[in-house]
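Chemist: What shape does this take:
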Amino acid sequence: MKIKKSRTITGKKNWMLMVLGCVLAFQLVGCGSKNKTASEYRAKVLKEDNDMAEDMKNSVIDALEKQDAEALKGLFSKYALENAEDLDGKIEQLMAFYSGSDKSSIEGGMASSEGGKNYKEWILNSTYTLENNGQKYEMCIVTIPLDEKEPDKEGLYLVEVMTEDAEPEDFKWRNEDDDPGIYVLDPQEKHW
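Modeler: Numbering: from 1, shown residues only. Coordinates of the predicted model:
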């Protein structure tokens, strides 16, 4: 009788292992499709972030190329317009500093993104290298597409520009924690 009991226990163990294996296989297949969906979602969000950053960069560059101070000023958020130091003067300084670019030579893109349209806040930091007649410019653009707590911050927040040879040692770009506005850096000027 012990042998029969042993076979029954072994049979039950095999059956349990088979059921456990099937459950595990279904979970793995399910996780695989969830990962693909999550991966597709992340790719979609990243594309939205990149598109938003590219749109703002194109608007800033177009205003600079046309020397259109009002168009550039119109990109800034209400908060930036009210809190930036001498924005009109800084726009003039930037337009005098910037001598144009070959749009095909613009490199860079979104450097970081915080939040998103499904959150209460969405912040995009993008950096670019532009070139014109052998002169390279570095540019940082901070855009806030969404801020439910402070909707006046929605729009262009900050533009920082310098020539490649003006980059200070241990340089750090400004971000949304800094004052809004336009910053044109002279060689070895530090802001931190």
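Chemist: Quick check, residue 67 in contact with residue 96.
Modeler: No - taking CB atoms under 8 Å as the definition, residue 67 is not a contact partner of residue 96, at 9.5 Å. The way it works is simple: take the backbone N, C-alpha and C, and place the C-beta from them, glycine included.
Chemist: So which of these two has more stuff around it?
Modeler: residue 67 (13 against 10; other CB atoms under 10 Å).
Chemist: circling back: what do residue 67 and residue 96 both touch?
Modeler: Residues touching both residue 67 and residue 96 by CB atoms under 8 Å, 6 or more residues apart in numbering: none at all.
Chemist: residue boundaries of the strands in the protein?
Modeler: 107-115, 121-132, 135-147, 155-163, 181-184 (DSSP state E).
Chemist: Dump the C-alpha coordinates for the longest one into PDB.
Modeler: Think strand 135-147. What follows is strand 135-147 as a C-alpha-only set of coordinates in PDB (Å, rounded to 0.1, in the frame of the first residue of the first chain):
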ATOM      1  CA  GLN A 135      31.300  80.200 -34.600                       C
ATOM      2  CA  LYS A 136      29.700  77.600 -32.300                       C
ATOM      3  CA  TYR A 137      27.000  78.500 -29.900                       C
ATOM      4  CA  GLU A 138      25.700  76.500 -27.000                       C
ATOM      5  CA  MET A 139      22.100  77.000 -26.000                       C
ATOM      6  CA  CYS A 140      19.900  75.800 -23.200                       C
ATOM      7  CA  ILE A 141      16.100  76.200 -23.400                       C
ATOM      8  CA  VAL A 142      13.800  75.500 -20.400                       C
ATOM      9  CA  THR A 143      10.100  75.100 -21.300                       C
ATOM     10  CA  ILE A 144       7.300  74.500 -18.900                       C
ATOM     11  CA  PRO A 145       4.300  73.100 -21.000                       C
ATOM     12  CA  LEU A 146       2.200  72.400 -17.900                       C
ATOM     13  CA  ASP A 147       2.100  73.600 -14.300                       C
END
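Chemist: so what does that strand touch, helix or strand wise?
Modeler: For strand 135-147, the elements it packs on are helix 2-65, strand 107-115, strand 121-132, strand 155-163, judged by 3 or more CB pairs under 8 Å, 6 or more residues apart in numbering; DSSP states H and E.
Chemist: how does it look with 6 Å?
Modeler: Counting contacts by 3 or more CB pairs under 6 Å, 6 or more residues apart in numbering; DSSP states H and E, strand 135-147 packs against helix 2-65, strand 121-132, strand 155-163.
Chemist: Likewise for the first one?
Modeler: If contacts are counted by 3+ CB pairs under 6 Å, 6+ apart, strand 107-115 sits against helix 2-65, strand 121-132.
Chemist: Find the nearest non-adjacent residue to residue 158, please.
Modeler: Ranked by CB to CB, 6 or more residues apart in numbering and with sequence neighbours excluded, the top spatial neighbour of residue 158 is residue 142, at 4.1 Å.
Chemist: residues contacting the one you found?
Modeler: Residues in contact with residue 142, defined by CB atoms under 6 Å, 6 or more residues apart in numbering, are 125, 157, 158, 176.
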